[in-house]
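**Q** Build me a model:
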Amino acid sequence: MPAYKKDIAAIVNHVYDLENKHVGVVAASTRSLSSCNFTDKCSYLPIHLPADVEKELNVQRHPSVVKYCDVVSTNGPLHPETDNFFDAELLRKMQNSAYIVNTTRGMIVARDALVKVVESALLDKPVCLHTARSFTTEICDHMLSPFVSDTEESKYHDHAEL
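**A** Next up, the predicted model:
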């Protein structure tokens, strides 16, 4: 469906706030870490950022970031080091209530491992934003969403009620 036909107001009505959440950013860049401006705790891996950038964004590099995060966002390009980076072992380390947001174009998240971890109730809220290979019939409680920039519920609330 083209973006201009999407009901953005209805989508924004179901947006969750990052405030007071611990956000983990995998394959972090300065741009992908901009989401850390909305939270008090943000960790990243594996790219090392300059100290002044870490201080400005209030982030810390943390090798076992996924254990502590409420939200983990994948942002890296697919290459041999990131292919299936989120395997069953890493997915099992995540909090059960955590969200994983796969914004990458490739398979940084091992598809079959994610299905097994969700089916075994070790992780109950995957959020998969990639479109390369959809497995919507195999995982419930997931979301496919368009990129929505500069939106907030209060701005669109009246339109969502229409």
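
**Q** show me where pLDDT drops low in the protein?
**A** 1-4, 6-19, 27-49, 59-63, 76-79, 105-106, 124-162 (pLDDT under 70).

**Q** Quick one: neighbours of Ala121, just the number.
**A** 8 (other C-beta atoms under 10 Å). C-betas here are computed from N, CA, C, even on glycine.

**Q** Quote the end-to-end distance of stretch 88-99.
**A** This stretch, stretch 88-99, spans 15 Å end to end (C-alpha to C-alpha, to the nearest Å).

**Q** Could you give me the buried positions within that stretch?
**A** Residues of stretch 88-99 classed as buried: Leu90, Leu91, Met94, Gln95, Ala98, Tyr99 (neighbour count, 16 or more other C-beta atoms under 10 Å).

**Q** Tell me which residues touch the fifth one, please.
**A** The neighbourhood of Ala98, defined by C-beta atoms under 8 Å, 6 or more residues apart in numbering, consists of Val66, Cys69, Asp70, Val71, Val72, Leu123, Lys125.

**Q** Tell me the most packed of those, by neighbour count.
**A** Neighbour counts for the contacts of Ala98, by other C-beta under 10 Å, peak at Val72, which reaches 28 neighbours.

**Q** Now do the host helix or strand of it: everything it contacts.
**A** In this structure, Val72 is located in strand 71-74 according to DSSP states H and E. Applying C-beta under 8 Å, 6+ apart, the external contacts of strand 71-74 come out as 18, 21-27, 32, 35, 65-66, 85-86, 94, 98-104, 108-109.

**Q** before we move on, the earlier item: of the contacts of Ala98, which is the nearest to Ala51?
**A** Within the contacts of Ala98, the smallest distance to Ala51 is 22.1 Å, found for Cys69 (C-beta to C-beta).

**Q** Which strand residues bridge the nearest residue to the closest one once chain neighbours are set aside?
**A** Spatially, and ignoring its direct neighbours in sequence, Cys69 is nearest to Gly24 (3.7 Å; C-beta to C-beta, 6 or more residues apart in numbering). Note on Gly24: beta-bridge partners by DSSP bridges are Ser43, Val72.

**Q** and the gap between Gly24 and Thr103?
**A** 13 Å (C-beta to C-beta, to the nearest Å).

**Q** now swap in Glu81 and tell me
**A** 18 Å.

**Q** So between these two, which is more surrounded?
**A** Thr103 (17 against 11).
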